[in-house]
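1. I'd like to go over a predicted model; first the sequence, then the structure.
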Amino acid sequence: MFTLHHTDQQTKARAGVVHTDHGDIPTPIFMPVGTQGAVKAIDHRSLVELDAKIILGNTYHLYLRPGTEVLNTMGGLHRFMNWDRPILTDSGGFQVYSLREIRKMSDTGVEFRSHLDGSKHLFTPERVVDMQRAIGSDIMMVLDECTGNPATYEQARSSMELTLRWADRAIERFRTTQPLYGHQQFHFGIGQGSTYADLRKICMEELVQKQFDGYAIGGLAVGEPAESMLEMIEVSTEVMPANKARYLMGVGTPENILTAIERGVDMFDCVMPTRNARNGTLFTTKGRVNIKNTRYKLSEEPIDDGLDCYASQNFSLAYLRHLFVSGEILGLQLATMQNLALYLWLTRTAREKILEGTFRQWAGETIAQLNAPRL
């Protein structure tokens, strides 16, 4: 499902393509997060115009609403939401991790109470595969235990070993079941191990032996120092096979993405661009913007003339600020469009620079530019 086209000579950055029945995905790639079958504050047509090649859904949320019965009846998530491009679904492991006050872990799986109505549910590795068969996502993730931070070595080791046992059961279920809607599905393993390099290495080595279709790095961006995150990425990518896709889950800022690409990661997702947009923080090619700031009250500058995007080019900072101050929904939509345009431009341009052999210099200059407050 993955073809590697080029590896940068100065770094470990890679350009490749993930092949699915719903379309090819050039990498590096950023996946907008559509947790419940919708990317917040933006419609599907705008996502296509931004050239979002793939979006992400979440098994936990889709299981609770609308439920697998609805998705089965409707012919899967693609048909239900009228989206004909690829979809990746997370297993729900991170969401269950965040419910630690109302969940119970065991070797069987994880028992939890719904955050919606308090009803009791059990996720096992096998059930999570079945749920994702019903959803019909192109890329399915195994159920894993996301280790909290900080974690002792013993806690991290125990969590990692549970993730590996669950991975064995998940891959067996995947191999003994079939897709429901006529398109191929792929199955990714998830590496854990907290911030302990030896555990990360052991976990990824064992996952590679299981012959998943691709591999993810999980359990990061949960409060660990940035240098620890980068070390865990490096340890993991050194073990991951070159001929399979590498996915860093839930990370993060534009700088995080570029530094992870430099270390050999192909795929990314994060709620940051959409969530920050709704809070009035914009990522632009000229630096960050807090659109509620009075300095933009009379600014006739376009939101971002460095991007080929309808929102970026056609509306002023002053107008966008007015929308936010007035509580107009259009403000959330335009800000979301801007931030996703920036993230998609970032990974698309990174790919171009990798193929040109100029990635390292471009990435360094771009990080400095994007991190600066916009003048």
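-> Looks like it arrived, so ask away.
2. Would you map the strands across the stretch 251-375 of the chain?
-> 267-269, 281-284, 287-290 (DSSP state E, counting those that start in this stretch).
3. so which of these gets nearest residue 160?
-> strand 267-269 (21.6 Å; C-beta to C-beta). All C-beta spots, glycine's among them, are computed from the backbone N, C-alpha and C.
4. who's in contact with that closest one?
-> 18, 27-33, 56, 88, 245-251, 257, 260, 347 (C-beta atoms under 8 Å, 6 or more residues apart in numbering).
5. 7 Å instead, please
-> 27, 29-31, 33, 56, 245-251, 257 (C-beta atoms under 7 Å, 6 or more residues apart in numbering).
6. re the thing from before, most neighbours per residue, which of the strands of the stretch 251-375 of the chain?
-> strand 267-269 (a mean of 25; mean count of other C-beta atoms under 10 Å).
7. Name the strands paired with that strand and say parallel or antiparallel.
-> strand 29-31 (parallel), strand 245-248 (parallel) (DSSP bridges).
8. So the chain: which segments form each domain?
-> What automatic domain parsing lists as the domains of the chain is 2-269, 277-367.
9. okay, those in JSON lines with mean pLDDT next?
-> Shown next, in JSON lines, are the domains of the chain (pLDDT from 0 to 100):
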{"stretch": "domain 2-269", "mean pLDDT": "95"}
{"stretch": "domain 277-367", "mean pLDDT": "98"}
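10. Can I get these in CSV including distance to residue 375?
-> CSV is the format used below for these (distance: least, C-beta to C-beta, whole Å):
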stretch, distance to residue 375
domain 2-269, 18
domain 277-367, 7
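11. of all those, which lies closest to residue 374?
-> domain 277-367 (3.7 Å).
12. What number of residues are in the vicinity of the closest residue to residue 126 other than its chain neighbours?
-> For residue 126, ignoring the flanking residues on the chain, the nearest one in space by C-beta to C-beta, 6 or more residues apart in numbering is residue 173 at 4.3 Å. Residue 173 has 19 neighbours, counted by other C-beta atoms under 10 Å.
13. List the contacts of residue 173.
-> 125, 126, 129.
14. Now with 8 Å, please.
-> Per C-beta under 8 Å, 6+ apart, neighbours of residue 173: 125, 126, 129, 130.
15. JSON lines please, covering the residues you listed and showing neighbour count, distance to residue 316 and secondary structure.
-> Formatted as JSON lines, those follow (neighbours: other C-beta atoms under 10 Å; distance: C-beta to C-beta, whole Å; DSSP: H, G, I helix; E, B strand; the rest coil):
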{"residue": "125", "neighbour count": "23", "distance to residue 316": "51", "secondary structure": "helix"}
{"residue": "126", "neighbour count": "18", "distance to residue 316": "54", "secondary structure": "helix"}
{"residue": "129", "neighbour count": "27", "distance to residue 316": "49", "secondary structure": "helix"}
{"residue": "130", "neighbour count": "15", "distance to residue 316": "50", "secondary structure": "helix"}
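16. Make JSON lines out of those and add distance to residue 194.
-> Output for the contacts of residue 173, formatted as JSON lines (distance: C-beta to C-beta, whole Å):
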{"residue": "125", "distance to residue 194": "21"}
{"residue": "126", "distance to residue 194": "26"}
{"residue": "129", "distance to residue 194": "25"}
{"residue": "130", "distance to residue 194": "29"}
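17. Which residue is the nearest non-sequential neighbour of the residue nearest the centre of the chain?
-> Nearest to the mean C-alpha position of the chain, by C-alpha atoms, centre = their mean, lies residue 269 at 1.8 Å. The shortest distance from residue 269 to any non-neighbouring residue, by C-beta to C-beta, 6+ apart, is to residue 31 (4.3 Å).
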